[in-house]
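Undergrad: With the input below, show me the fold.
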Amino acid sequence: MKFSATNSALFGSLVVGLRIACTVAATVLTPNIVSDLINGSSSSTGMLEADDPRFTLEITYDEIELPTTPVLMNVVELLAQYAEMEYMGRTHGRHGVVLESYPQIEIAVLPAAPSTSVQVRLVVWAIYGGMIELVGRNMFKQSDIAFSWEGRLVGNVYITKPLDDSSNPNNLTNGLTTPVVGNTTNLDASIGRFSWVVVYTPDAQNLPPKDVFIMVMGTIKLIAQHPMDEKVEGAFHMGSAFANAHVEVYLQSRRIPRTKPPYFQYSHLLEALRRTPAWMLQNRRFAEMYSLIASSTIRVGQMLLAKGPFVPPQNEITRGITFSRSDTIDDQR
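TA: Numbering: from 1, shown residues only. Sure, this is the predicted structure:
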């Protein structure tokens, strides 16, 4: 079965710029703040690159079933690792991941012979597009996601059960395994020290686990095209036709980029995204959530995962797949 990038572009990520109309205290979350976030106004400029129609996928399955949660958790980590690489660069040889918390699954990416390397952006598209197919069809079996460029095979993503593993498949919403969730992580010195305060929103609505994973993977795919040390210059919204949910990303409380370190960088947002499913698994609930993102103890950004598509106010005009950029104002903090 072939899954074209044209279809992915038609049904994939919808991103519109946002600006929020609220001020958030450094470590305080109130119902009014969350309400303001959800009801924030919208604006948009610019265009985001869509998948190229020359890119295609072909997925084959065998009869060996795989446990759903380990598959999705390992995929999120692998996708995040590729997002940290140079988007237009190439990765050489085999690259894979087996999470210590979820060793039942191995996921590996290999260039197609005779080449020994493959472009990073194509791998990102392949992982995301392949997982949309697996999740949509509930086909959690050993899989080979073969991806091609202009009709020529360039690589494969293999999702398999390690030979020495005898675990039985488990349902994503039943018998959840408690993952290892790290505390404050010391990231690269150029981005400072990451920390976050995360809570379920007041009156949080439950979310299907698949919607959470789709939104996390989709947002990682979106930001992968940016260098991770690049500053997030404006607020934006991420939605998907494959999930009844959306992600809203905002700057610090003054809603404008900081003019002195630490800055809100894509590395901070990536770290928050890769931790989100583990946090929900640890709390045994998939639901609307809000997080304050900090670097070196200073708040730099915010993220909201909410149910349903984002609907901008009627007096606002949105223009499809976009980022929003705000004017810079000096921040005295």
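Undergrad: Please report how far Ile223 lies from Leu79.
TA: For Ile223, the distance to Leu79 equals 11 Å [CB to CB, to the nearest Å]. Every residue, glycine included, has its C-beta placed from N, CA and C.
Undergrad: Give me the more crowded residue out of those two.
TA: Between Ile223 and Leu79, counted using other CB atoms under 10 Å, Leu79 has the larger neighbour count: 25 against 21.
Undergrad: quick one, what contacts Tyr61?
TA: Tyr61 makes contacts with 139, 141-143, as judged by CB atoms under 8 Å, 6 or more residues apart in numbering.
Undergrad: Return the member of these nearest to Glu63.
TA: For those, the residue nearest Glu63 by CB to CB is Lys141; the value is 6.8 Å.
Undergrad: Pairing-wise in the sheet, spell out the partners of the closest one.
TA: Under DSSP bridges, the beta-bridge partners of Lys141 are Glu65.
Undergrad: Verify the stated contact: it with Ile64.
TA: Yes. Counting by CB atoms under 8 Å, Lys141 does reach Ile64; the two are 6.0 Å apart.
Undergrad: Looking at these two, which one has more neighbours?
TA: The residue with more neighbours, out of Lys141 and Ile64, is Lys141; 18 against 11, by other CB under 10 Å.
Undergrad: Run through the residues that contact that one.
TA: 61-66.
Undergrad: Kindly recompute the last result at 10 Å.
TA: Contact partners of Lys141, counting by CB atoms under 10 Å, 6 or more residues apart in numbering, are 60-66, 71, 134, 159-161, 169.
Undergrad: what's the answer for Ser295, then?
TA: Contacts of Ser295 by CB under 10 Å, 6+ apart are 187, 191-195, 258, 261-265, 267-268, 271, 301.
Undergrad: Check Val98 too.
TA: Residues in contact with Val98, defined by CB under 10 Å, 6+ apart, are 70, 74, 77-78, 104-108, 162, 165.
Undergrad: Distance of His226 relative to Gly239?
TA: Taking CB to CB as the measure, His226 falls 19 Å from Gly239.
Undergrad: between these two, which one's more packed in?
TA: Gly239 (22 against 19).
Undergrad: Give the partner strands of the helix or strand in which that one is found in its sheet and their orientations.
TA: Using DSSP states H and E, Gly239 falls within strand 236-240. Strand 236-240 sits in its sheet next to strand 13-19 (antiparallel), strand 245-251 (antiparallel), going by DSSP bridges.
Undergrad: Beta-bridge partners for Asn199, please?
TA: Slight slip there: residue 199 is Val, not Asn. Beta-bridge partners recorded for Val199 (DSSP bridges): Tyr290.
Undergrad: and it, how many neighbours does it have?
TA: Neighbour tally, Val199, other CB under 10 Å: 13.
Undergrad: Which parts of this structure are helices?
TA: Ranges of helices in the chain, per DSSP state H, are 5-11, 31-38, 68-83, 120-137, 209-223, 266-282.
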